[in-house]
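Chemist: Provided below for reference: sequence and predicted model.
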Amino acid sequence: ILEGRVKLAKIDCDRHPGVCQTASVRAYPSIRLYLGGPGGGVRQDPQGVAVQSQHRDAVVSLVEQFLARRHDEL
């Protein structure tokens, strides 16, 4: 559904505790949304947007909302 429109990454907090601490990850699994910007030169908030659900449809809906909002801003 989101293929080609978003990038996904998985971080092992046991191996990279500093990354998870900076992102305020306190429970596993956690999902964070990072919006980025055109050209990738925009500095992002290291905490991103905390996604409160792990249900597929809820995550996709939230990402779609952010993508639509971002498209409207361009």
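Modeler: Now that the structure is in, tell me what you want to look at. Quick caveat, the model's predicted, so the values are computed rather than measured. Residues are numbered from 1 along each chain as shown.

Chemist: Every contact and neighbour count from this point should use C-alpha atoms.
Modeler: Fine.

Chemist: So what's the residue count around F66?
Modeler: Number of residues near F66 (other C-alpha atoms under 10 Å) recorded here: 15.

Chemist: same thing with A50?
Modeler: 14.

Chemist: Which residue comes closest to it once chain neighbours are left out?
Modeler: R32 (4.8 Å; C-alpha to C-alpha, 6 or more residues apart in numbering).

Chemist: Please report how far G36 lies from R43.
Modeler: From G36 across to R43, the span is 8 Å (C-alpha to C-alpha, to the nearest Å).

Chemist: Between those two, tell me which one has more neighbours.
Modeler: Using other C-alpha under 10 Å as the criterion, G36 and R43 rank with G36 on top: 14 against 8.

Chemist: Could you report the pLDDT at that one?
Modeler: For G36, the model assigns a pLDDT of 74.

Chemist: going forward, begin numbering at 439 instead of 1
Modeler: That works, and once the first residue is 439, the last one we named lands at G474.
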